[in-house]
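# missing the sequence, but the structure's below:
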Ligand SMILES: CSC[C@@H](O)[C@@H](O)C(=O)COP(=O)(O)O
């Protein structure tokens with residue numbers, strides 16, 4: 001991804017080869033700030049406070065958290081303790097457990113003296129593979145967009161609605177939902193993105209809008225409740241969103257509000273696609289509504305909003321009536337029956353168990 005013309009990943013090793021650099025996503029869209037992580041505790045903090053967020057990036061960051069822990073202590077107990085501390089940070093995105101399981105599986109059986117070097121090489125590999133996976137998702141999803149473009153009047157854009165940020169900033173590079181958009185745009189297919197603002201943390205308005213702007217993709221930010229109206233008026237050709245956890249039966253769990261978009265899309269006959277790396281499939285789960293843990297976040301996120309004032313300072317203000325109770329479930333589940341297709345690194349799948357296990361027999365046999 002280019003930022004002001006310079007190429008970046010969202011996470012990378014510092015020049016010293018051991019500390020980890022991340023981009024502080026709590027500062028967007030006002031500032032582009034890089035943070036240096038040197039300890040396990042700083043990594044736990046970065047994930048919990050959402051300096052990094054988005055399912056694939058949470059997994060990649062946790063992998064580096066294990067590397068940093070191994071610099072201090074390579075014992076079994078330190079390894080298990082680091083994994084437990086990282087796993088507790090956020091409950092919904094399964095990539096966190098997926099990455100930690102990969103690290104434990106590789107590190108526990110080997111000599112503690114070799115663990116640090118192996119940890120770094122595996123964390124680097126997780127990042128490289130995330131990029132390759134997202135590029136494959138991009139190519140597969142771009143075909144869907146190209147097919148829709150062929151049905152439109154020459155020169156008119158394919159209008160894509162997305163929710164939250166399943167973009168470059170949610171992964172190591174490219175994004176999942178945004179990879180097909182970037183690839184279509186780069187290959188000359190005219191696209192325009194409706195960006196849901198995504199209250200309460202505004203990942204759409206703060207993050208997706210910022211990165212689409214950096215890439216030069218035409219986009220319009222809308223309030224979360226506008227999508228249904230736009231679909232009724234045929235202003236949305238397709239929806240593409242990400243997912244934090246996908247069951248083996250094709251239910252998807254994504255940022256709160258995704259389900260309502262899927263319902264509106266079904267009613268209006270708009271295709272509803274979910275873009276995902278196979279690392280977000282939880283093969284142990286069948287029923288998303290009953291089995292996926294939904295993160296309940298602080299009510300302060302609902303009560304307050306942060307933005308830039310007229311004087312240029314960043315201020316947080318209260319927007320809810322004093323004394324009112326608030327609730328803040330951070331994710332919801334969209335049942336497979338509302339999903340047109342799952343755009344994965346191995347092709348576009350139907351959202352059902354048969355299609356998923358046929359595409360990923362290796363993951364069913366050995367979930368990691
Ligand atoms: C490719 S990222 C998919 C999801 O992680 C994304 O859509 C999302 O809901 C992120 O939620 P967040 O709470 O910002 O971590």
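Okay, I see it. Everything quoted here is computed from the prediction, not taken from an experiment.
# Tell me the backbone dihedrals of residue 137, please.
Per-residue torsions, residue 137: phi -60, psi -40 (degrees, to the nearest 10).
# quick one, what contacts it?
174, 176, 179, 180, 275, 276, 277, 343, 344, 345 (C-beta atoms under 8 Å, 6 or more residues apart in numbering). Any C-beta I mention is one placed from the backbone N, CA and C, and that applies to glycine too.
# TSV for those residues, including secondary structure, neighbour count and pLDDT?
Shown next, in TSV, are the contacts of residue 137 (DSSP: H, G, I helix; E, B strand; the rest coil; neighbours: other C-beta atoms under 10 Å; pLDDT from 0 to 100):
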residue	secondary structure	neighbour count	pLDDT
174	coil	25	98
176	coil	32	98
179	helix	29	98
180	helix	30	98
275	strand	30	98
276	coil	29	98
277	coil	25	98
343	strand	26	99
344	strand	26	98
345	coil	22	98
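# now, which of those residues sits nearest the ligand?
Nearest to the ligand out of the contacts of residue 137 is residue 176 (C-beta to the nearest ligand atom; 3.9 Å).
# Verify the contact between that closest one and residue 278 for me.
No. Using C-beta atoms under 8 Å, residue 176 is not in contact with residue 278; the gap is 11.2 Å.
# does residue 109 sit in a helix or strand, and which one?
Here residue 109 sits in a region with no helix or strand, counting by DSSP states H and E.
# now it: how far from the ligand?
31 Å (C-beta to the nearest ligand atom, to the nearest Å).
# Residues of the stretch 201-350 of the chain that sit close to the ligand?
203, 242, 243, 244, 254, 255, 330 (C-beta under 6 Å from any ligand atom).
# Contact partners for the first one?
Read that as residue 203. 53, 164, 165, 255.
# Can you tell me the element the third one falls in?
Taking DSSP H and E as the definition, one finds residue 165 inside no helix or strand.
# How many residues are close by it?
32 (other C-beta atoms under 10 Å).
# With residue 337 instead?
11.
# Name the SS class of the closest residue to it other than its chain neighbours, please.
Nearest residue to residue 337, sequence neighbours excluded (C-beta to C-beta, 6 or more residues apart in numbering): residue 351, at 7.9 Å. Classification of residue 351 by DSSP: H, G, I helix; E, B strand; the rest coil places it in coil.
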